[in-house]
Each structure stands twice: as structure tokens, then as C-alpha cells.
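Participant: Just need the structure, nothing else, for what follows:
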Amino acid sequence: MRNTILFFFIFAIQASCRAAIIPQVDKRIEIMSIVSRLAGYAEYNDNVALEYVSAIHSYFDRYNADTLIGFARSIREKSGISFDAVMSMAVNLEQKGRRFSLHPNWRQDIDPRWSSDDVARFVSLLNRFYASSNAESFFKQQSSYYQKISHAFAEVLPGFDQSWYFSYYGVKPKDEFQVVIGCANGGSNYGPSITNRDGSKKVFAIMGSWSFDPAHNPVFPQDSYLPTLIHEFNHSFINPSIEPFTDNSALHSSMQIILDTMHAEMETQAYKKWETVLIESLVRASVIRYMMSQSNMAVENTENEMMEQLNRGFLWTRELVALLGVYESDRSRYPTINDFYPVIIDFFKRTSAKISQLRTEYEMKLPRVVSIGPFTNYAENVDTTVTQIIIRFNSPMIGKGYSFATGQLGKDADPVIGVEGYNSDNTALRLNVKLKPGKEYEMVLTGRSFINIRGYRLKRYVIRFKTKAPALTV
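Facilitator: Take a look at the predicted model:
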């Protein structure tokens, strides 16, 4: 392949309409991630891949003052180059030897945040940086890690059905699917695409790597990574499909109302534009349609995915999934997803009119902390003889986990030394604590693992208190 340097592959699956998918590590993705990391892009500074990230910094930190790194900072500030815009540049690069050039169709495929002038300057500086840093040497040093991570990703691919996309979106099975592992991208995943010279598409799932065993080896459990893989490939079809409708005033108005109402939830996921919320809504609902179509997908897994999207703020997902079922069942009337957009536009118009009601109804279903004991929250004179704190919830929790985050007072303010567990009906959790006199304590409960039996997640809840001052000595 001219566009990509393929280091290693370990597993291939056959789809009825396409050749095998071969997972790979791609130097274009890696160098763009490294440049973004050095430039301080927060989303490219995940450190979960401890050993690989350490190797990156050990090798490349000496080039922090390179002109390319400064330019990368400036275009982020000026044009918002970040997240998927970075990976959009990566897949629109062609590499021959140690030099990069642009794919012939880059102008139609690259993220619009890239201006033509910035693209030209970036590629020029990238070539200089790649040569001066001898990046090729770094990639050779990491060859064993690339082999390891490619081998581990074999756990995901056997469950992936690429033929579904051609049927679902109503396109001919000529597009090429490519899975690339972003070794240092952590929990960030991307789904760009490029147009080949013959007019076909190459669609990418650039998968992050966020789970490791105790020996720091990458692992890719299918139940965690497969939905993300399905999600990212959906982007390659959904993202272009909305382009004819971005000037639709009714759609713009409806989505803006939804975004304004769900601003806090969307902001935490870096979804700041109504177009992005529309794309994510359709992609996430389509993932569920995919899961519903697969006989090897348990109903429980599909419902868990549904609840995941509701808990992320996409409160209209269940209704949208049902609507896309209408699209799937009447392909004579709606041959492609674009033919269905008038119905989609009307759906979001109706959704925008009731979005506040949807939010109220959703929040009524959330689990809540109703009390803590043996003292009240924000108490000022807690006795240091207290060795346990009991947290009570208004509804039974699944009882399989708990999740805490560090609060504003820092890790030193966390009093918990152990978790005793839930009570018999999972409505209370008992924590073991050790308290010092005259000290302020804080713990933050998150919805990551505090989930009730209906699948709804706890909203972030802060527990803070202060112990009695030490007794004065005479």
C-alpha cells in the first residue's frame, strides 16, 4: 500500500463483500499524535500507555522547540485544529520513504478547519521535523511494541461485520475498511475517510488503546472495543451524509435548541457544534441498529449500549433507534440514508420541542444519594472515632462496583482506606475510613460505576466534612 507503512499484522477476517481487514500501526497516525502531544494538545496527552508514552517523551522531548511544534500550537489557537482534525490530516498524507506528500483528493476530504496555506506549511515543516528528529529510528525501536499491540487487537476483529455498512447505508460494496491502532491515543478514537483515485472510499477506524494488564501489555476485550470500532466506521458514512443538509434552517434551529439544553453534557465530550451533535446522534443510534442486526449480539449488550448513550446526554436515542428501524424496513422508499433525511429533520424538530421535558424525565430516573452517616454531609465537627461511612441511595444499585474521583482538596483529603461493600439490597455502601483531628475531607462519587439496576448513572456527588479540632493540652 502506497499510503501506509504496514508494520505488522496478525489476524484477518473475511467479509462476504470485501477483502480481509488487517489491523495495523501506521506511522502517519503515530507521527501526527506525537506532534500533537509535544504541542500540548490535551486530547493527545493521554498517558495510559505508560511504557510507550515514556519512550515517546524520552526520544522526542528534545525537539519541543522545533518550528513544527510551535506551528502546531498556533493553528490550534487560530483554527481549532484538535481531535479529529489531527487524524484527518494524518490519513490525507502519503508517505514514500521518509517524506510526506498530500493525497491527490485531500481538498475534498480533509477537515475544514485546515486552510490550504496551513496544510502546505504543516506538511513542509513535518518533513523537516521527521528528518531532523530521525523519527524513523524511533519507529524501528518500537517495532516489538507494534507487533505486540497488533497481536492483541486480534481479540476484536472476529466479531466485526463490515458487510452491514453497505446494506445499511445503501452504498455499493467498493469501499475499503482499515483498522489502525493509535498506540498513545488512550481513550480517543476517530473515523476519518479519504477518496481514492477511482472514486471509492477508504474508511478508517483509528482505535485508541486504553486497557492494559498488570504487566503493562495492551489488551483489547471485545465487549469494550467492538462497539467503539462499530462507532468509528459509522462516522465515515454519516459525516459526509449530512453535508447537503448543513444549510437547512429547520435542522439548524432544532439542533441548536437541543445543544443549548444539553450544553453541559455535550461540552464535556467536546461537542460544541450542532452539526457534531447531529452526527454523534446518528452514529450512536446506528451502532445500536448494527448490534440489533447481529445474531451474536446479546440483547443485554444492546440495552447496555442504549443506556450508555442516554447517560451521555443523548436522551433521544431510543426514539431515534426506532426511527432508523423505519428506514431499514422500507428501503424501496429510502434507498440510502440521504433519502431518509427529511424524516430525520422532522424527528429532531419534534425532539427540540420536548427536549426540556426529556431532560426532566431522565433526571427523575437517576439514582441519588439520600443520606450519609453517621453524620450529615458538610458537617463541621465529625468525631475522629468514626471508622465507617455509610452512603445510602434512593434506589438499588447494580452492586458490582464503585467509582470515586479526587476532589478540589486533592488526594490527601480522601479518608477512605477500604470498601466494605453494599448491603443486601444494594441500597447502601459501607466505606472504611481513618480520620485525623482538625482536617477537612472530601470524596467525589461518579457515575462511572455507581449505576442503578435500571442502568441510570449517579450524577457527580461530593461528600465533604471536617473533623473536630484537636483537644488543647494544658
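Participant: buried stuff in the helix or strand containing Tyr362?
Facilitator: Assigned by DSSP states H and E, Tyr362 belongs to helix 355-364. Buried residues in helix 355-364, counting neighbours by 16 or more other CB atoms under 10 Å, are found at Ile355, Leu358. Quick note: C-beta positions are derived from backbone N, CA and C, even for glycine.
Participant: Distance-wise, check the spatially most central residue of the chain relative to Gly208.
Facilitator: In the chain, the residue lying closest to the centroid (CA atoms, centre = their mean) is Ser188, at 4.7 Å. Note on Ser188: its distance to Gly208, by CB to CB, to the nearest Å, is 5 Å.
Participant: and if you look at Gln147?
Facilitator: Distance from Gln147 to Gly208, by CB to CB: 19 Å.
Participant: Give me the more crowded residue out of those two.
Facilitator: Gly208 (22 against 15; other CB atoms under 10 Å).
Participant: Give me the nearest residue to the more buried one, chain neighbours excluded.
Facilitator: Asn185 (4.0 Å; CB to CB, 6 or more residues apart in numbering).
Participant: hang on, the one you found packs against Asn45?
Facilitator: No. Taking CB atoms under 8 Å as the definition, Asn185 is not a contact partner of Asn45, at 10.1 Å.
Participant: of those two, who's got more company?
Facilitator: Using other CB under 10 Å as the criterion, Asn185 and Asn45 rank with Asn185 on top: 27 against 15.
Participant: show me what contacts the more buried one?
Facilitator: Ser33, Tyr44, Asp46, Ile206, Met207, Gly208, Ser209 (CB atoms under 8 Å, 6 or more residues apart in numbering).
Participant: before we move on, what about Lys273?
Facilitator: Counting by CB under 8 Å, 6+ apart, Lys273 touches Leu259.
Participant: any idea how far Trp210 is from it?
Facilitator: 25 Å.
Participant: So which of the contacts of Asn185 are in strands?
Facilitator: If you go by DSSP state E, the contacts of Asn185 have Ile206, Met207 in strands.
Participant: quick one: which two of the contacts of Asn185 are the most distant?
Facilitator: Of all pairs drawn from those, the greatest distance, 14.7 Å, lies between Tyr44 and Met207 (CB to CB).
Participant: List the residues that contact the residue nearest to Val416 when sequence neighbours are not counted.
Facilitator: Once flanking residues are discounted, Val416 sits nearest to Leu431: 5.2 Å by CB to CB, 6+ apart. By CB under 8 Å, 6+ apart, Leu431 lies in contact with Gln388, Ile389, Ile390, Ile391, Val416, Gly418, Val419, Glu420.
Participant: go with 6 Å
Facilitator: Leu431 sits next to Ile389, Val416, Val419 when contact means CB atoms under 6 Å, 6 or more residues apart in numbering.
Participant: now, among those, which is nearest to Glu232?
Facilitator: Distance to Glu232, by CB to CB, is smallest for Val419 among the contacts of Leu431, at 35.0 Å.
Participant: check contacts around the closest one.
Facilitator: For Val419, the contacting residues are Leu431, by CB under 6 Å, 6+ apart.
Participant: If we use 7 Å, what do you get?
Facilitator: Tyr402, Leu431 (CB atoms under 7 Å, 6 or more residues apart in numbering).
Participant: One more: Ser88?
Facilitator: Contacts here follow CB under 7 Å, 6+ apart; on that basis Ser88 touches Ile110, Asp111, Pro192.
Participant: can you put those in CSV and add secondary structure, distance to Gln256 and pLDDT?
Facilitator: Converted to CSV, these look like this (DSSP: H, G, I helix; E, B strand; the rest coil; distance: CB to CB, whole Å; pLDDT from 0 to 100):
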residue, secondary structure, distance to Gln256, pLDDT
Ile110, coil, 26, 97
Asp111, coil, 21, 95
Pro192, coil, 26, 94
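Participant: Go ahead and build a PyMOL selection from the buried members of those residues.
Facilitator: Per 16+ other CB under 10 Å, the buried members of those correspond to this PyMOL selection:
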select buried, resi 110+111+192
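Participant: Could you identify which of the contacts of Asn185 has the most neighbours?
Facilitator: Counting neighbours by other CB under 10 Å, Ser33 leads the contacts of Asn185 with 27 neighbours.
Participant: Export only the CA atoms of the helix holding Tyr362, formatted as CSV.
Facilitator: Provided in CSV are the C-alpha atoms of helix 355-364 (Å, rounded to 0.1, in the frame of the first residue of the first chain):
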residue,chain,number,x,y,z
ILE,A,355,-36.1,18.4,25.0
SER,A,356,-36.6,20.1,28.3
GLN,A,357,-39.3,17.5,29.2
LEU,A,358,-37.0,14.7,28.1
ARG,A,359,-34.3,16.0,30.4
THR,A,360,-36.7,16.3,33.4
GLU,A,361,-38.0,12.8,32.9
TYR,A,362,-34.4,11.4,32.6
GLU,A,363,-33.2,13.2,35.7
MET,A,364,-36.1,11.8,37.7
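Participant: Identify all contacting residues around it.
Facilitator: Against helix 355-364 from outside (CB under 7 Å, 6+ apart): Ile257, Ile258, Thr261, Leu310, Leu315, Trp316.
Participant: List buried residues within the residues you listed.
Facilitator: Using 16+ other CB under 10 Å, the buried ones in these are Ile257, Ile258, Thr261, Leu310, Leu315, Trp316.
Participant: ok, so of the residues you listed, who is nearest Gly410?
Facilitator: Relative to Gly410, the closest of those is Leu310; by CB to CB it sits at 32.6 Å.
Participant: Give the helix, strand or coil label for that closest one.
Facilitator: helix (DSSP: H, G, I helix; E, B strand; the rest coil).
Participant: Against Ser143, how distant is the nearest residue to it once chain neighbours are set aside?
Facilitator: Using CB to CB, 6+ apart and skipping residues adjacent in sequence, the residue nearest Leu310 is Thr317, 5.9 Å away. Going from Thr317 to Ser143 by CB to CB gives 42 Å.
Participant: Which one's more surrounded, these two?
Facilitator: Taking other CB under 10 Å, Thr317 and Ser143 do not tie; Thr317 has more neighbours (21 against 12).
Participant: give me the element the residue nearest to the centre of the chain is part of.
Facilitator: Counting by DSSP H and E, Ser188 is part of no helix or strand.
Participant: any idea of the pLDDT on it?
Facilitator: Ser188 is assigned a pLDDT of 96 by the prediction.
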